[in-house]
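> Quick check, what structure comes out for this input:
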Amino acid sequence: MGLSAVAAVDAATPDSEPPPATSLDEIVVTAQKRSERLQDVPVSVNVVSSQALANNHITSVDQIQEIAPSVSFTNSGNTRGQGLAIRGIGTLNFSDGVEPSVSTIVDGVVIGRSAASFFDFNDISRIEVLRGPQGTLFGKNSSAGVINVVTTRPDLNYGFFSGSASYASFNTVQIHATASDPLIQDKLAFGVSAYRNKSDGLVTNLYNGNNLNGDNSYGVRAKLLYHPLDTLEFYLIGDYAKSDLDCCVSTIRSILPTTRYWGATGPTRAQLLSGVAIGPYSRQDDFDGPQFNNQTSYGTSLEMNAQLANLTLTSISAYRKFHVNDNNDTDLVPINIVNINSADQNQHQFTQELRLTSPATDRLSYVLGFFYFNQTVATTTHLRGTGNLVLAPGAYAGNDINRSITSKSVSGFGQAQLRPTDRLRLIGGLRYTTDDYNAWFYRTVPAGAVGAFPILGGPAFSAPSLASDDNNVSYRVGLQYDITPDVMAYATYTTGYKGSALNMLNNLSQVLVSSGAYKLQPEKASNAEVGIRSAFFDRKLTLNLTGYYEEVREFQAQTFDNVLNTFALANAGKLRADGVEAEAVFAPNRQLSFSGNLAYTATRVDGLVIGCYPGQTAAQGCVSGRQDVSGDMLANSPKWAFSLSGNYTKPFGPVELFANATYSYRSSVFFSYGDPNTVQPGYGVVNAALGVGRPDRRFRLSVFARNLFDKHYATLIGTGFLDTSATGAGYTQLLTNDAWRTVGVEVSTEF
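Numbers count the residues shown, from 1 in each chain. Now for the predicted structure:
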């Protein structure tokens, strides 16, 4: 058997025969670390194609919730605090010592930090959203699921080029290009892609007239595919991406008029913000501190696939580096309460994966592997401001916080399928993981400060030896049965794991360290799942259904204490999610197609006690400043989410007309447990495009709209800094350009 039969491939290659008009194109995924038809995979997978991304002008991971309903994105004041969730479960955390629960993987390489996964979707072949714990094959940071990004491989036989340029509202300019060419026929091919994005922001700072929350980013990726022998292949990738952003600033939803700064005679928040339009759709601010989020990421990976008799040996070696420097004026008023809340973070990682894969057609087929992960994250944080203390003119309080954590993970894994009959497959998998964490934390008071920064910082403190180590066994068992050649059913039970977390927030204290409470217990996930993968009407229609019940014990949660005005970490006793997921594609002919994705997700948290929300009474569950939120839904977890898409092409002489539209809906969510003031009502968004071009796609011109009907929504709602009390509070929100209508024109080419 040749190497190409087991190496990762795209859903379609340039030399493949076009599928018959009576069937849908086959979709190939690598959800089980080997190339398989999506309809044969006993995993809940939502595949987002490159065409779906292009049709909806989706360019980053935070936007895929529009066409992948099980995914949720929660915004933050900087990219370090942003997070993804699958089935309502995911990590949203500022602490360097907490790793993500949703793993992002690009071309087989794990991205160690959540912030580094927010990159432009250039050169994408497909995105596989693997729902539920994927610990057996993908490791410890996939306790809630995996976003598996596969980029376009160079072709050894054919050269190709694709490019697009668009201009849209907010002066948005996006340029993308991908090219590949065989340098030696059948042996060596080179590929390169690049992008450049720029846009004005949605928010205006009245203090200086600056435009905020825009985009200014670019990147390049180069690839070399070398096939010296029929049984040997090397795939080298290098990439670089940079963004200089003035994000991620909140606007003010409401204020508490009595909030006063600098003592009983100081100005009120209402007075300071009298010129700002305040409300749920506010696009104005008035603050005097700097706001920026500048980050750079780059890395290289080398994949080798070697045929050993009838087995394939795969090695993926990778090194990546990520740097972000950000600041936000946390108080959002034009006086210096906390003008400097900055972080300078450097992350670097090395990963090595080895796999041995048997042919999928064997009666006993298997994947065996070894994985090594080594990551260091080092951050310097500065806090400067009056902290709302009454100080002499020019005086300030402050902290400098330095911290670093090194994490090492080693695991061995395997998964096998046994075919007792031609229709029945028995599934079993196991992964053993050891994790080791070593960290240090130093907080000082700068020489020029009058004292430590209150609330967000603290007195000088040193913790030179924070450590933890864990080990875990995750497993998967199940069966799948081919009812007919076009209908497959499966049932699986899967466990997952994420190692212990270390509390390295700014306000870490000796009490937490001495008590051992700085260390959070590992997350442990389990998922029972049944599914049907089916095709009907000569494969013009595919319909996939999945039902599941998922639990995560000791979830590592970050909450905001509205009394202390600071963040805190805690293990939640248990998170639960159960629901149904459905995907359907119908293509009656080659000119017309429809698709739909639906996720019904019922979530619940148990055993989580947090600070009360502002104004919460004893009758509403507030006891001694704390509330037990057991029984609540998970934050930013819509019960209903779905998307419906349609695509149509019509030949018209030497050209063809094309049109596409997508409607996506998400039901109401809250962003802070129990707090009715943080509810985002349900909303639906329409993306659409209409254009003309050559049938061979050498030239296409289109007009498009994102959020056609101008539906406004927030990606985060929370209490304003220091704007809280027992009887009421002011709130802020994060809004993006996607929450307003964007209209543009695009020209593209392929040849």
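> contacts and neighbour counts: CA atoms only from here.
OK.
> So which residues of the stretch 351-500 of the chain form helices?
Taking DSSP state H, counting those that start in this stretch, the stretch 351-500 of the chain contains no helices at all.
> wait, I meant the chain
Here the chain has its helices, by DSSP state H, at 50-55, 135-138, 269-272, 510-515.
> what's the distance between the third one and the middle of its chain?
Mean-position distance between helix 269-272 and its chain equals 37 Å (Cα atoms, centre = their mean, to the nearest Å).
> what's the answer for the last one, then?
In terms of Cα atoms, centre = their mean, the centre of helix 510-515 is found 33 Å from the chain centre.
> list the buried ones in that helix?
Counting neighbours by 16 or more other Cα atoms under 10 Å, one finds that helix 510-515 has no buried residues.
> now do the second one
Within helix 135-138, the residues that count as buried by 16+ other Cα under 10 Å are G135, T136, L137, F138.
> helices and strands around that helix, which ones?
Contacts defined by 3 or more Cα pairs under 8 Å, 6 or more residues apart in numbering; DSSP states H and E place helix 135-138 against strand 397-418, strand 424-444, strand 461-484, strand 487-498.
> For R706, find the nearest of the helices of the chain.
Ranking these by proximity to R706 (Cα to Cα) places helix 50-55 first, at 10.1 Å.
> got the CA positions of that closest one in PDB?
Extracted in PDB, the C-alpha atoms of helix 50-55 (Å, rounded to 0.1, in the frame of the first residue of the first chain):
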ATOM      1  CA  SER A  50     -12.800  26.700   3.000                       C
ATOM      2  CA  GLN A  51     -15.800  27.600   0.800                       C
ATOM      3  CA  ALA A  52     -18.000  28.100   3.800                       C
ATOM      4  CA  LEU A  53     -15.400  30.400   5.300                       C
ATOM      5  CA  ALA A  54     -15.100  32.400   2.100                       C
ATOM      6  CA  ASN A  55     -18.900  32.600   1.500                       C
END
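> Now that helix: average pLDDT?
When pLDDT is averaged over helix 50-55, the result is 93.
> One more: stretch 166-173?
97.
> Then stretch 439-458?
95.
> Which parts of it count as buried, going by neighbours?
By neighbour count with 16+ other Cα under 10 Å, stretch 439-458 contains the buried residues 439-446, 449, 451-454, 456-458.
> Could you do stretch 698-714 as well?
699-708, 710, 712-714.
> Can you add distance to I127 and give the helices of the chain back as TSV?
Formatted as TSV, those follow (distance: least, Cα to Cα, whole Å):
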stretch	distance to I127
helix 50-55	8
helix 135-138	15
helix 269-272	45
helix 510-515	41
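> among the ones you listed, which is nearest G693?
Across these, closest to G693 is helix 50-55 (Cα to Cα), at 14.4 Å.
> Mind giving me the packing neighbours of the closest one?
Checking 3+ Cα pairs under 8 Å, 6+ apart, helix 50-55 ends up next to strand 124-131.
> Where does the prediction get shaky in this protein?
For the chain, the stretches with pLDDT under 70 are 1-24, 94, 558-568, 726-727.
> And for it, the residue most distant from the center?
Most distant from the centre of the chain: T265, at 45.5 Å, with distances by Cα atoms, centre = their mean.
> Who are the contact partners of it?
T265 makes no contacts at all, as judged by Cα atoms under 8 Å, 6 or more residues apart in numbering.
> From F555, how far out is it?
From T265 across to F555, the span is 45 Å (Cα to Cα, to the nearest Å).
> and what of A599?
A599 is 22 Å from F555, where distance means Cα to Cα.
> Looking at those two now, which is surrounded by more residues?
Neighbour count, other Cα atoms under 10 Å: between A599 and F555, F555 has more, with 27 against 24.
> beta partners of that one?
Taking DSSP bridges as the rule, F555 bridges to A572.
> That one contacts G573, correct?
Yes - between F555 and G573 there is a contact under Cα atoms under 8 Å: 6.8 Å.
> can you pull out the strands in the stretch 1-150 of the chain?
28-29, 36-37, 45-49, 71-74, 83-86, 89-90, 102-106, 109-111, 124-131, 145-151 (DSSP state E, counting those that start in this stretch).
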